[in-house]
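Novice: sharing a model prediction with you, sequence too.
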Amino acid sequence: MTTETSTNIPPTEPIPVLLERPRWRDTFDSLRVFNYRLYVISQVLSNTSGWMQKIATDWLVNELTHNVTLVGVTVFLQFAPVLVFGVWGGVIADRVDKRRLMMGTQCTTAVLCALLGALTIAGIVTVWQVWGVAFLLGMVAVVEGPARSAFVNEMVGHRRLRNAISLNASIFHLGGLLGPAISGVLIVLVGSGWSISVNAVAAVVVVGTLGSMRVRELLPSPRAIRSRGQIREGVK
């Protein structure tokens, strides 16, 4: 007796198993792909400026309230949406064009950070406004994160996927190293508002790099068809 499970989530191919030690000259193999080079540039900017914005936002709440607990609330609002709604974000990313989705999320990021930066520079920002923007940016990350991860395979293919994943991890940690340091310097020199505004400018640049990609060279994955039980399958 056999049981049949019906899901409309497209199957993925396994990452090729390494049968020999990679050569040193292949350390940056995935950077030979034009689209991935643009992606790396965009991610260095996005990760670095994103951390700048997060640090500046937390510091801004501290300046407004002088309450460490409320700073903790700010951090919670920035990261909680991904923990709570992350599965739904993956489902959305599987159903749409990932490059266009990321362009949309970056446009949203630019608007939100420009708004918060302007309010801060003008000296009229309130903690409730900061919390609102922090939560909305967290919701943006819900759909952007899965799309960003899945898009790597569409750029480099399965053969270079392992190498690209390793480079992505390095880029993430580089942003976590540079972003807070640069943000701290900007906060001291010109204030939190300008550090937040940098993320708005970076988001516009990211949209430009994504729009400059050679679409014909992408290897798009089959899109998932809307069906019941996809969230349940994702949790499993």
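Specialist: Looks like it came in fine. Numbers count the residues shown, from 1 in each chain.

Novice: contacts and neighbour counts: CA atoms only from here.
Specialist: Fine.

Novice: just give me the neighbour total for residue 118.
Specialist: 17 (other C-alpha atoms under 10 Å).

Novice: show the contacting residues for it.
Specialist: 193, 197 (C-alpha atoms under 8 Å, 6 or more residues apart in numbering).

Novice: hang on, residue 92 packs against residue 143?
Specialist: Yes: counting by C-alpha atoms under 8 Å, residue 92 touches residue 143, with 6.8 Å between them.

Novice: those two: which has the busier surroundings?
Specialist: Taking neighbours as other C-alpha under 10 Å, residue 92 and residue 143 compare with residue 143 leading, 25 against 20.

Novice: name the SS class of the more buried one, please.
Specialist: Put simply, residue 143 is helix when judged by DSSP: H, G, I helix; E, B strand; the rest coil.

Novice: how close does it get to residue 195?
Specialist: Note on residue 143: its distance to residue 195, by C-alpha to C-alpha, to the nearest Å, is 24 Å.

Novice: how about residue 164?
Specialist: 29 Å.

Novice: who has more neighbours, the two?
Specialist: For the pair residue 164 and residue 195, the greater number of neighbours falls to residue 195 (29 against 24), based on other C-alpha under 10 Å.

Novice: longest helix of this protein?
Specialist: helix 34-65 (DSSP state H).

Novice: list the buried residues of it.
Specialist: Using 16 or more other C-alpha atoms under 10 Å as the test for burial, helix 34-65 gives 35-40, 42-62.

Novice: where in the protein is pLDDT low?
Specialist: Flagging of the chain using pLDDT under 70 yields the residue ranges 1-26, 222-236.

Novice: where along the chain do the helices fall?
Specialist: Here the chain has its helices, by DSSP H, at 34-65, 68-95, 98-122, 127-156, 161-189, 192-211, 230-235.
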